[in-house]
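J.: sequence unavailable; structure follows:
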C-alpha cells in the first residue's frame with residue numbers, strides 16, 4: 001500500500017517538475033525575445049513588455065525589467081482584489097518569473113541597439129521567440145501573466161470577451177508606440193502584433209500535433225504487438241470485411257507522435273506490405289496518455 005502511495009506521489013512529482021520546466025522554458029524564451037529583439041528596436045506591440053518599453057524610454061533611469069516588476073506587482077494586487085487567489089493560480093508565478101528573467105538577461109548581457117542591424121530580421125525574432133514561449137505556456141494550461149490579468153478582470157465584470165480585451169489593450173500600446181517612436185516603428189509594431197497571433201496559434205498546433213493512424217489488415221496481431229510493446233501505445237480494434245473481396249479484415253486505430261507514425265509505417269512496409277493505412281493530423285487529442293479533459 002505504501003509503495004503504491006510512493007509511486008503515485010513520485011508520478012505527481014515528475015508531472016509537476018515537467019510542468020514547471022516547460023513553464024520556465026516558455027518564460028525564458030519570452031524574456032530573450034523582449035530584451036534582445038523587442039526593446040532595442042522599440043517594438044512595443046502589446047503586453048506588459050510593450051508598456052514597459054514605452055515607460056523605459058520616457059523614464060530612462062528605470063530599465064524595462066524594472067518597469068515589468070512594477071507593472072506586474074500592481075496587476076497581481078488587482079488580481080487578488082478582483083479575482084481572488086484561486087483564479088490567479090500560476091499567473092502570479094508567471095508574472096514575477098518573467099520579470100525576473102527579463103532582469104537577468106539585462107544584467108547578464110545588456111543590449112541597447114539592434115543585434116543584427118536589420119529591423120525586419122529583429123522583428124521576426126521579436127515575434128517568434130515570445131510567441132513560441134507563450135505557446136509552450138498556453139499548451140500546459142498556464143499564462144505569461146501581465147495583461148492577461150486585466151483581461152480576466154474585464155471579462156468578469158463586463159460583457160467583453162477575454163480575447164477582445166487583450167486585443168484592445170495591445171492596440172492601445174501599439175498606438176502609443178507609434179506616437180512615441182514614430183510611424184515607422186508603429187507600423188513594425190502592427191506587423192508584430194498580427195504576426196504574433198498567427199505564430200502562437202501555429203506553434204500550439206505543432207506542439208500538440210499527433211498522428212491518427214487507421215490500419216486495415218488481415219493479420220492484426222504482429223502490428224498490435226509492435227504498437228503495444230515497441231511504442232508503449234495501444235489501439236482500438238474493429239472487425240470489418242472488404243466490400244469487393246468480402247474477406248474478413250481488422251481495422252486498427254491508434255494515435256501516435258510523428259516519430260512513432262514513421263516507425264509504424266516502416267514496420268508495415270517490411271512486415272505487412274498488403275495492409276492499408278491512412279494517417280491524419282490532429283492537434284486535439286484528449287484522453288489517457290494525452291491531454292486531460294481539464
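T.: Arrived safely, thanks for sending. Keep in mind that this is a model prediction, so the values were computed, not measured.
J.: now the helices: where do they sit in the stretch 1-150 of the chain?
T.: 2-33, 47-58, 64-82, 85-88, 90-108, 119-139, 147-157 (DSSP state H, counting those that start in this stretch).
J.: same thing with the stretch 151-294 of the chain?
T.: 162-181, 183-208, 220-225, 258-271.
J.: save those as JSON lines, and put in distance to residue 136 too.
T.: Quick note: C-beta positions are derived from backbone N, CA and C, even for glycine. Shown next, in JSON lines, are these (distance: least, Cβ to Cβ, whole Å):
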{"stretch": "helix 162-181", "distance to residue 136": "18"}
{"stretch": "helix 183-208", "distance to residue 136": "7"}
{"stretch": "helix 220-225", "distance to residue 136": "34"}
{"stretch": "helix 258-271", "distance to residue 136": "18"}
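J.: in TSV: the ones you listed, plus mean pLDDT.
T.: Output for those, formatted as TSV (pLDDT from 0 to 100):
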stretch	mean pLDDT
helix 162-181	81
helix 183-208	81
helix 220-225	94
helix 258-271	91
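J.: tell me which of those sits nearest to residue 34.
T.: helix 183-208 (11.9 Å; Cβ to Cβ).
J.: for residue 255, name its beta-bridge partners.
T.: Per DSSP bridges, the residues bridged to residue 255 are residue 212.
J.: who touches it in this structure?
T.: 210-213, 233, 282, 285, 290 (Cβ atoms under 8 Å, 6 or more residues apart in numbering).
J.: about what we covered before: out of the helices of the stretch 1-150 of the chain, which is the most enclosed?
T.: Ranked by mean neighbour count, the helices of the stretch 1-150 of the chain are led by helix 47-58 with a mean of 24 (mean count of other Cβ atoms under 10 Å).
J.: compare the helices of the stretch 1-150 of the chain and give me the one nearest residue 174.
T.: The nearest among those, by Cβ to Cβ, is helix 47-58 at 7.5 Å.
J.: okay then, goodbye and thanks.
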